[in-house]
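Asks: Dropping a prediction and its sequence here:
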Amino acid sequence: MSLLAPRETDKVTFPVLAGKKRAGSPIAALTAYDYPTARIVDEAGIDLLLVGDSLGMAVLGYDSTLPVTLEEMLHHTRAVRRAVRRALLVADMPFGTYHADEAEAVRNAARLLKEAGAEAVKIEGPRPALANRLVEAEIPVVAHLGLLPQGVHRMGGYKVQGRTADAAEAILADALAMEAAGVALLVLEGVPQEVARRVTASLRVPVIGIGAGLQCDGQILVLHDILNLTFTPAARFVRRYADLAAQMRDAVASYADDVRARRFPAESESYHLSEEARLLWDGAAKER
Ligand code: KIV
């Protein structure tokens, strides 16, 4: 295939995802935060790509999502936008950018669409009034309920939510309220699978689970978790599909060994003067 050939673009949109829910066809979603990984994820056929504020831990070295700024989200979403052709591109609204007042939240969300090319924003927690305001401003919204990483201090850690009948009922009520407010999709994190199954069956919009069992309309995980590019113990719901950290360490150590043993670069990896230029230059050197 020529490098210039256009890539296949059977573009994923919210109606496409809603169709998948109706057809019972599971939706595969992942995070990505930069151009090369987003390009690989998109070319591998992932349906929804989230520039999550998990970028704080996955690539920026923060110990939670709380320090992530809007500028950081814009910067990474732009890089991902340049890579993605097919997947639906969603960007997280970081902590503090939609909590103070709705007008400011609309302005911040609009920047993620207008300046970075996101197709929707994701907000954490039950916020039907804000969701409705964003939808009225033509900003598609993804809701995030259950375990809310931005609420880590309130929850007292990253803990499974909805474990009691009352708590499960509250999550269902919140999900229905967010759907009524116009959200296009729900991410449901860290809840018992019975809760996820009921929420999924009760909503018309797709429900994408993370640590929420098999009965959701789709699944999302953090790319760096499935590739083992993280430095903290993985949550129970993470499945490792590759150990890129080990592969990268081996590759880097081999490179360093080759440099120190003068095995790198080889002849074929070096440039040469033409015979003519070499003779002229040698002659010039002798005259000096
Ligand atoms: O920030 C994030 O990566 C998320 C998850 C749902 C994957 O919100």
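Replies: Yep, it's here.
Asks: What's the separation between the most centrally placed residue in the chain and residue 90?
Replies: By C-alpha atoms, centre = their mean, the chain has its centre lying nearest to residue 31, at 2.0 Å. Distance, residue 31 to residue 90, by C-beta to C-beta, to the nearest Å: 10 Å. In short, each C-beta sits where N, CA and C put it, glycine included.
Asks: For residue 193, which non-adjacent residue is closest in space?
Replies: residue 213 (2.5 Å; C-beta to C-beta, 6 or more residues apart in numbering).
Asks: Repeat that for residue 11.
Replies: Per C-beta to C-beta, 6+ apart, closest to residue 11 is residue 86, 5.9 Å.
Asks: which stretch of helix or strand covers that neighbour?
Replies: Under DSSP states H and E, no helix or strand contains residue 86.
Asks: got the phi/psi numbers for it?
Replies: phi -100, psi -50 (degrees, to the nearest 10).
Asks: these two touch, right, it and residue 44?
Replies: No: using C-beta atoms under 8 Å, residue 86 is not in contact with residue 44, being 10.0 Å away.
Asks: More neighbours: the two, which one.
Replies: A direct count of neighbours by other C-beta atoms under 10 Å for residue 86 and residue 44 places residue 86 higher, at 17 against 10.
Asks: Per-residue confidence, the more buried one, what does it come out as?
Replies: pLDDT for residue 86: 98.
Asks: How much space separates it from the ligand?
Replies: Distance of residue 86 to the ligand, computed by C-beta to the nearest ligand atom, to the nearest Å: 19 Å.
Asks: just to revisit the earlier point, can you check which residues contact both of residue 31 and residue 90?
Replies: 49-51 (C-beta atoms under 8 Å, 6 or more residues apart in numbering).
Asks: Wasn't residue 37 part of a helix?
Replies: Yes: secondary structure of residue 37 (DSSP: H, G, I helix; E, B strand; the rest coil): part of a helix.
Asks: Now for the nearest residue to residue 243 once chain neighbours are set aside, how many residues are close by?
Replies: Distances taken as C-beta to C-beta, 6+ apart place residue 228 nearest to residue 243, at 4.6 Å, with adjacent residues excluded. Neighbours of residue 228 under the rule other C-beta under 10 Å: 18.
Asks: Tell me the secondary structure at residue 228.
Replies: coil.
Asks: what's residue 220 sitting at in phi/psi?
Replies: When read as degrees, to the nearest 10, the backbone of residue 220 gives phi -130, psi 140.
Asks: State the distance from it to the ligand.
Replies: 5 Å.
Asks: next one: residue 152
Replies: Here residue 152 is placed at a distance of 12 Å from the ligand (C-beta to the nearest ligand atom).
Asks: In this structure that residue contacts residue 66, no?
Replies: Yes: counting by C-beta under 8 Å, residue 152 touches residue 66, with 7.4 Å between them.
Asks: which non-adjacent residue is nearest whichever residue of the stretch 51-200 of the chain sits closest to the ligand?
Replies: Closest to the ligand within the stretch 51-200 of the chain is residue 52: 2.3 Å, counting by C-beta to the nearest ligand atom. The shortest distance from residue 52 to any non-neighbouring residue, by C-beta to C-beta, 6+ apart, is to residue 31 (4.4 Å).
Asks: and if you look at residue 136?
Replies: Nearest one to residue 136, counting by C-beta to C-beta, 6+ apart, is residue 182 at 8.0 Å.
Asks: contacting residues for the one you found?
Replies: 131-132, 135-136, 141.
Asks: ok so, going back, show me the contacts for the residue nearest to residue 193.
Replies: 192-194, 196-197.
Asks: So which of those residues is surrounded by the most neighbours?
Replies: Neighbour counts for those (other C-beta under 10 Å) peak at residue 196, which has 28 neighbours.
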